[in-house]
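Colleague: Sharing a sequence plus its predicted fold:
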Amino acid sequence: MAAPKRQIPLDVDEAPASWYNILPDLPEPLPPPLDPDQGPSRVANLPNLLIHACLAQEMSAERWIPIPEELCQLYAQAGRPRPLFRALSLEKALRTPARLYYKSEFFSPTGSHKVNTALAQAYFAREEGFERLTTETGAGQWGTALAYAAALCGLKCTVYWVRAVHRWKAARLGYMQMLGADVHASPSDRTSFGRKLWEQDHDHPGSLGIAISEGLEDAQNDPKAVYSLGSVLNHVLLHQTVIGLETQRQFERAGDYPDVMISCLGGGSNFGGFVLPFVGDVLTKGKKIRFVAAQSQAAPNLQGEYRYDFADHAEMTPLLKMYTLGHTTQMTPIKGDGLRYHGCSPIVSLLRHLGIVDTVAYPVDERYVFERALAFMKTEGFLPAPESAYSICCAIDEAVRCRETGEPKVIAFNISGHGFMDIEGYREVLGMDARERDEPRVSPILGI
Ligand SMILES: Cc1ncc(COP(=O)(O)O)c(C=O)c1O
């Protein structure tokens, strides 16, 4: 028998030509966005907030939505399709009978999967005549991706960046600025909502919910600007399905099929993009896969309540039916701060409600997670983003369970980004002091 291949690539002309929209395949209709009892209609205001093509995709009943040719070219320019790897070295080190595969969203010009929807949104915004994009960012990955996409499409970009992260990621701030973006720590004094919080506390750590409100308010006040969201909404997950569609073809090529699929989850976009085409297989072709979302106990939104809630702090968005911790809840900042969001995307929330998606949340100190990310680094060699470390950690835990039970499960996990600009965060959590010690203060994990 031929030795298993470490890398399963796809050619550029094998890249998906359409996105997969799961809405027509869901077992029950997705609950629609609603208005609160009080105040102006947020639903009626949606066309003033979102890119029109994206709003149309949000509600579309079409299973397949063609990717415009120019956008396919932009995806190719950004390095799509991305390889699927078999983690043979990690498997060996873990002495697991499981077969581990990881999708390499870290091979992205700005470092994460966020480019997949950033390019789409910038492309459609330019087609509709907008000149500027406004947005929020948590980890900084989404802000960088949108700054990159805006630059490629000839648009301006304004980013409101959660202050707790803006504080420590100086390199990523420089990166966004080099791409031409105007970046502000949030809450900022640039919007009336941000100013209220900023005046009470100049050092306010901020949250994604607050930064979203600032981005929305900024765009609302400028007819040449439009707001762009990096996660949660149906159209964002739709654009991200290129990840799962490529992975499906790669599994076909490898002659294998996943039993378990894992990814980290903040608002749900990389998780959704990776698993939704396979959820389609489960719903329409009778396949059996366990889907697990890896989260932080700082924001275990999938363990919250399934109810209508706002997507932003200032209550400018409609109410979305989702698993939520409450849109004004304060959550402890973490190094994987892209996971610190109060709510999960309505699509993934419905799948969780129907028992199709499972979740696990790891301790807030992040040591358990980062130690396992190190085991991955030492064997497979790639440095994951702190958020992606959760995906790796969950996959390793699952592989270790297979060692104990002897089950040769196929475990697929998505690595949503690289951590080249996050070493400071790893250093702090793993106790690596640059002056005193060169090595992380961790004992070998799982013998690695
Ligand atoms: C690398 C990376 N992975 C995952 C996430 C979480 O977002 P989502 O759940 O939308 O994929 C983020 C968010 O900033 C991120 O930067």
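Modeller: Done, it's in.
Colleague: In contact with whichever residue of the stretch 1-150 of the chain sits closest to the ligand, which residues?
Modeller: Residue of the stretch 1-150 of the chain nearest the ligand, by C-beta to the nearest ligand atom: residue 141 (3.2 Å). To be clear about C-beta, it is placed using only N, CA and C from the backbone, and glycine gets the same treatment. Residue 141 makes contact with 110, 111, 112, 114, 338, 385, 387, 417 under the criterion C-beta atoms under 8 Å, 6 or more residues apart in numbering.
Colleague: Which members of the residues you listed occur in helices, if any?
Modeller: residue 387 (DSSP state H).
Colleague: how about the contacts of residue 141 in a markdown table, adding distance to residue 246, neighbour count and pLDDT?
Modeller: Formatted as a markdown table, the contacts of residue 141 follow (distance: C-beta to C-beta, whole Å; neighbours: other C-beta atoms under 10 Å; pLDDT from 0 to 100):
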| residue | distance to residue 246 | neighbour count | pLDDT |
| --- | --- | --- | --- |
| 110 | 19 | 25 | 98 |
| 111 | 18 | 26 | 97 |
| 112 | 16 | 27 | 98 |
| 114 | 16 | 31 | 98 |
| 338 | 22 | 34 | 95 |
| 385 | 19 | 30 | 98 |
| 387 | 20 | 31 | 98 |
| 417 | 16 | 31 | 98 |
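Colleague: now the contacts of residue 141 as TSV including distance to residue 377?
Modeller: Listed next are the contacts of residue 141 as TSV, based on distance: C-beta to C-beta, whole Å:
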residue	distance to residue 377
110	21
111	16
112	17
114	22
338	19
385	12
387	15
417	14
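Colleague: among the contacts of residue 141, which two are most distant?
Modeller: Greatest spatial distance among these (C-beta to C-beta): 110 and 387, at 14.1 Å.
Colleague: Check which residues of stretch 128-139 are buried.
Modeller: 130, 132, 133, 134, 135, 136, 137, 138, 139 (16 or more other C-beta atoms under 10 Å).
Colleague: Tell me who's in contact with the last one.
Modeller: Looking back up the chat, that one is residue 139. Listed by C-beta under 8 Å, 6+ apart, the contact partners of residue 139 are 112, 165, 336, 337, 338, 385, 386, 387, 417.
Colleague: who are the neighbours in contact with the closest residue to the ligand within the stretch 301-448 of the chain?
Modeller: Residue nearest to the ligand within the stretch 301-448 of the chain: residue 338 (2.4 Å; C-beta to the nearest ligand atom). Residues in contact with residue 338 (C-beta under 8 Å, 6+ apart) are 138, 139, 141, 142, 266, 385, 386, 387.
Colleague: Mind doing that once more with 10 Å?
Modeller: 112, 114, 137-142, 162, 165, 208, 230-231, 264-267, 269-270, 296, 385-388, 390, 416-417 (C-beta atoms under 10 Å, 6 or more residues apart in numbering).
Colleague: what do you get for residue 146?
Modeller: 110, 114-115, 117-119, 121-122, 133-137, 155, 157-159, 176, 179, 181, 228-230.
Colleague: For whatever helix or strand it lives in, the averaged confidence score.
Modeller: Using DSSP states H and E, residue 146 sits within helix 141-153. The average pLDDT within helix 141-153 is 98.
Colleague: So what's the gap between it and the chain middle?
Modeller: Averaging C-alpha positions (C-alpha atoms, centre = their mean, to the nearest Å) puts helix 141-153 15 Å from its chain's average.
Colleague: before we move on, the earlier item: turn the contacts of residue 139 into JSON lines, including distance to residue 291.
Modeller: Formatted as JSON lines, these follow (distance: C-beta to C-beta, whole Å):
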{"residue": "112", "distance to residue 291": "20"}
{"residue": "165", "distance to residue 291": "28"}
{"residue": "336", "distance to residue 291": "20"}
{"residue": "337", "distance to residue 291": "24"}
{"residue": "338", "distance to residue 291": "19"}
{"residue": "385", "distance to residue 291": "21"}
{"residue": "386", "distance to residue 291": "22"}
{"residue": "387", "distance to residue 291": "18"}
{"residue": "417", "distance to residue 291": "20"}
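Colleague: Of these, which is the nearest to residue 423?
Modeller: Nearest to residue 423 among the contacts of residue 139: residue 386, at 10.1 Å, using C-beta to C-beta.
Colleague: Let me see the contact set for the nearest residue to residue 188 once chain neighbours are set aside.
Modeller: With sequence-adjacent residues excluded and distances taken as C-beta to C-beta, 6 or more residues apart in numbering, residue 188 is closest to residue 194, at 4.5 Å. Listed by C-beta under 10 Å, 6+ apart, the contact set of residue 194 reads 160, 184-188, 204, 206, 210-211, 213-215, 217-218, 313-314.
Colleague: Which members of the residues you listed are positioned in helices?
Modeller: Those of those lying in helices (DSSP H): 210, 211, 213, 214, 215, 217, 218.
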